[in-house]
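> can you look at this prediction? I've put the sequence above it.
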Amino acid sequence: MRMLIRVSCLFLAALFSPGQYGFAGSVNSTGAAAGSPVVVIGFVGGMVRHDDMVHSAVQLAARLRASYSSGVYVEAFENDRGRDARQKILNLLDTRGDGKLSAEEKQNARILIYGHSWGASEAITLARNLGKDGIPVLLTVQVDSVAKRGEDDAVIPPNVAQAVNFYESEGFLHGQPKIRAADAARTQIIGNYHLEYKDNPIQCIGYPWYASLFMRPHIEIECDPHVWNQVESLIRSRLSPPATSALVQRPHP
């Protein structure tokens, strides 16, 4: 089942190009749209710190930063810092430095957002707020998304070109089982992929005992290398290849 998910994700990632959904501009050899950087924002779950390397969302941000030394901005945030992430994006898109975004600066935006648990919910909230600003988002990725109070993590806003959802349903705390597009003509739902760990447990190292005891499947999907390889592949497929010398070799899981 896990292999089927992997093949399906890779096929769909290759099939749908970032420019297919009507957003202006193209990605050049540095991985950035002309005049603006590509921005990749990750959100961690729970009470996790943005720099806690135990967690896959933080590890992914570090790998991407190492691979794309220029033309791509990558940062991980705590899930209660959505406003800070939005302001960072606005600052990065303001290539003229005049404190306001032109229509061209907005449409040249290349933004990808991912997250786990509450962080996945915050990823959709950030995308929705960027939509209110008139800013498109290339991709959102949710891993076992748990909606925060006052947030809707099931409906993907129409400024998002593509969205994908990975979830488990075994534990006391489990993710959103289905995401859908607010406007199917503007947003492609790549898929809702169900993971099971009862017969395929994942070893998670460095997590507190209570998380492993009470939220085991929710933690297993967070440290499942097969899931995060797919998240990384989806993100990288929307960036041009980094320079060979900057590539980071990763151990096989």
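Yep, it's here. Fair warning: this is a prediction, and the values are worked out from it, not measured in the lab.
> so which residues of this protein form strands?
With DSSP state E as the criterion, the chain has strands at 38-43, 72-77, 110-116, 137-143, 155-156, 160-168, 180-181, 188-195.
> nearest to residue 53, of these?
strand 72-77 (10.2 Å; C-beta to C-beta). To be clear about C-beta, it is placed using only N, CA and C from the backbone, and glycine gets the same treatment.
> ok so, going back, could I get the strands of the chain as JSON lines with mean neighbour count and mean pLDDT?
Below are the strands of the chain laid out as JSON lines (neighbours: other C-beta atoms under 10 Å; pLDDT from 0 to 100):
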{"stretch": "strand 38-43", "mean neighbour count": "27", "mean pLDDT": "98"}
{"stretch": "strand 72-77", "mean neighbour count": "22", "mean pLDDT": "97"}
{"stretch": "strand 110-116", "mean neighbour count": "28", "mean pLDDT": "97"}
{"stretch": "strand 137-143", "mean neighbour count": "28", "mean pLDDT": "98"}
{"stretch": "strand 155-156", "mean neighbour count": "22", "mean pLDDT": "98"}
{"stretch": "strand 160-168", "mean neighbour count": "25", "mean pLDDT": "97"}
{"stretch": "strand 180-181", "mean neighbour count": "15", "mean pLDDT": "98"}
{"stretch": "strand 188-195", "mean neighbour count": "18", "mean pLDDT": "97"}
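> nearest to residue 218, of the ones you listed?
Across the strands of the chain, residue 218 has its closest neighbour in strand 160-168 (6.9 Å, C-beta to C-beta).
> so how far is that closest one off the chain centroid?
Distance of strand 160-168 from its chain centroid, counting by C-alpha atoms, centre = their mean, to the nearest Å, is 9 Å.
> with residue 63 as the reference, measure out to residue 57.
To residue 63, residue 57 is 11 Å away according to C-beta to C-beta, to the nearest Å.
> so these two - more neighbours on which side?
Using other C-beta atoms under 10 Å, the more surrounded residue of residue 57 and residue 63 is residue 57, with 28 against 17.
> my guess is that one meets residue 117, correct?
No. Counting by C-beta atoms under 8 Å, residue 57 stays clear of residue 117, with 9.3 Å between them.
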